[in-house]
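A.B. asks: Show me how the following folds:
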Amino acid sequence: MSRMHTEDPPTRYKKSTISEKITPLSDGIEHTFLQWSASIRDRLVVNEYHYLTDVSRRALIWGTTTGLAKTYLEPQYLSAMHGFRSADEMMDLLGSYYLTGNETEQARNLFDDLQMVGKGYASETFPEFKAHFQSAAITGQVSESEWFQYMWNKLTPQFRSHVAIIENQWNGDYQTMDVHTYDGCSKGVSVEADSSHTCSVYPNHVPPQANDAGAHEDHSPSILRKLFQEIDRNDPEAEEQWEEAMKLQSDASLEENDEA
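C.D. replies: Numbers count the residues shown, from 1 in each chain. Purely as a prediction, here's the structure:
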């Protein structure tokens with residue numbers, strides 16, 4: 001007896017698993033309209049085959065509103081004569097209540113006020129602050145070409161001093177600054193960076209000169225330049241060396257000032 005051959009239905013008919021639950025929109029304060037509308041948009045993209053009709057899209061919006069938001073929608077949504085003609089119409093109505101028209105200006109003001117110290121971020125590491133900075137820059141519609149200078153100005157003086165020796169390698173490029181700062185200087189470095197976070201250039205944490213009794217470390221510019229040239233920045237294990245080299249350069253500058 002022959003078996004009936006079965007095939008999976010074409011992919012276009014398969015419905016994807018519903019993505020994570022959408023937090024309902026209510027007063028737009030704790031969960032904002034922009035956050036909610038982004039979740040709606042993502043759901044309609046990820047699970048588009050669940051919402052092929054406008055009726056299903058309108059039902060999604062209705063089902064993910066509560067409280068004040070549902071109050072705004074209810075009269076027209078339940079009206080047989082004046083009901084919504086599309087999901088976009090529902091979104092536009094909600095937007096008219098929740099969007100004031102000056103969101104970009106407000107976001108830019110928040111970006112301008114952002115600093116590495118203050119606003120509750122005093123214990124941030126550089127990667128944590130970078131995440132706040134980039135989010136605020138995007139929301140405030142700051143041109144990406146300006147990110148480097150803004151980021152540099154928003155860092156604490158202590159942190160700028162900590163990374164000043166490699167600033168010229170960034171060439172004013174925010175993305176390069178991001179990578180080098182994270183790789184070389186940010187692991188475990190809080191906002192108030194100090195020498196306690198500095199690692200040794202040498203694997204055994206003892207400079208060669210220290211092995212000789214009475215020897216004096218040479219921090220002259222030529223020695224330091226040679227040291228930086230010998231450090232392979234592509235070597236993951238060279239991070240500690242780079243960190244210590246930066247400290248030596250800082251110490252050398254202090255010694256020169258004292259002698260002067």
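A.B. asks: what number of residues lie near T53?
C.D. replies: 9 (other Cβ atoms under 10 Å). C-beta here means a position set from N, CA and C on the backbone, and glycine is covered the same way.
A.B. asks: So for G172, what's the pLDDT?
C.D. replies: Listed pLDDT for G172 reads 82.
A.B. asks: Specify the local secondary structure of it.
C.D. replies: The three-state assignment at G172 reads coil, by DSSP: H, G, I helix; E, B strand; the rest coil.
A.B. asks: what do you get for K21?
C.D. replies: coil.
A.B. asks: Please tell me how far it sits from K154.
C.D. replies: K21 sits 36 Å away from K154, taking Cβ to Cβ, to the nearest Å as the criterion.
A.B. asks: higher neighbour count, these two?
C.D. replies: Shown here are K21 and K154; by other Cβ under 10 Å, K154 has more neighbours (20 against 9).
A.B. asks: ok, that one touching F133?
C.D. replies: Yes: the pair K154 / F133 is scored as a contact, 6.6 Å apart, by Cβ atoms under 8 Å.
A.B. asks: what residues do the two have in common as contacts?
C.D. replies: Listed as contacting both K154 and F133 by Cβ atoms under 8 Å, 6 or more residues apart in numbering are L114.
A.B. asks: Give me the residues contacting stretch 82-100.
C.D. replies: By Cβ under 8 Å, 6+ apart, stretch 82-100 touches 25, 28, 32-34, 37, 40, 54, 57-58, 60-62, 65, 69, 72-73, 76-77.
A.B. asks: at 10 Å instead, please
C.D. replies: For stretch 82-100, the surrounding residues in contact (Cβ atoms under 10 Å, 6 or more residues apart in numbering) are 25, 27-29, 32-34, 36-37, 40-41, 44, 51, 53-62, 65, 68-69, 71-73, 75-77, 106.
A.B. asks: same check, this time on stretch 66-73
C.D. replies: 23-29, 31, 33, 36, 58, 61-65, 77, 84, 90, 93-94, 96-98.
A.B. asks: repeat for stretch 136-153
C.D. replies: For stretch 136-153, the surrounding residues in contact (Cβ under 10 Å, 6+ apart) are 34, 103-116, 126, 129-130, 133-134, 154, 159-160, 163, 167, 170-178, 181.
A.B. asks: R57: neighbour count?
C.D. replies: 21.
A.B. asks: Would you mind listing where the chain has pLDDT under the threshold?
C.D. replies: 1-16, 18-19, 117-123, 178-260 (pLDDT under 70).
A.B. asks: Show me the helices in it, by range?
C.D. replies: Using DSSP state H, the helices of the chain run over 33-46, 54-63, 67-77, 87-98, 103-113, 126-139, 147-154, 157-163, 167-170, 174-185, 221-230, 239-259.
A.B. asks: CSV for these, including distance to T17?
C.D. replies: Below are these laid out as CSV (distance: least, Cβ to Cβ, whole Å):
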stretch, distance to T17
helix 33-46, 9
helix 54-63, 16
helix 67-77, 26
helix 87-98, 22
helix 103-113, 33
helix 126-139, 29
helix 147-154, 37
helix 157-163, 44
helix 167-170, 43
helix 174-185, 35
helix 221-230, 53
helix 239-259, 41
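A.B. asks: Emit the PyMOL select command for whichever of the contacts of stretch 136-153 are buried.
C.D. replies: Filtering these down to the buried ones (16 or more other Cβ atoms under 10 Å) takes a single PyMOL command:
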select buried, resi 107+108+111+114+115+116+126+129+130+133+134+154+159+163+170+174+177+178+181
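A.B. asks: among the contacts of stretch 82-100, which ones are buried?
C.D. replies: For these, a burial check counting by 16+ other Cβ under 10 Å picks out 25, 28, 33, 36-37, 40, 44, 51, 57-58, 60-62, 65, 69, 72-73, 77.
A.B. asks: pretty sure R58 is in contact with T64, am I right?
C.D. replies: No: using Cβ atoms under 10 Å, R58 makes no contact with T64, being 11.2 Å away.
A.B. asks: Mind listing the shared neighbours of these two?
C.D. replies: Both R58 and T64 lack any common contact, where contact means Cβ under 10 Å, 6+ apart.
A.B. asks: can you count the residues close to A136?
C.D. replies: Around A136 there are 19 other residues, counting by other Cβ under 10 Å.
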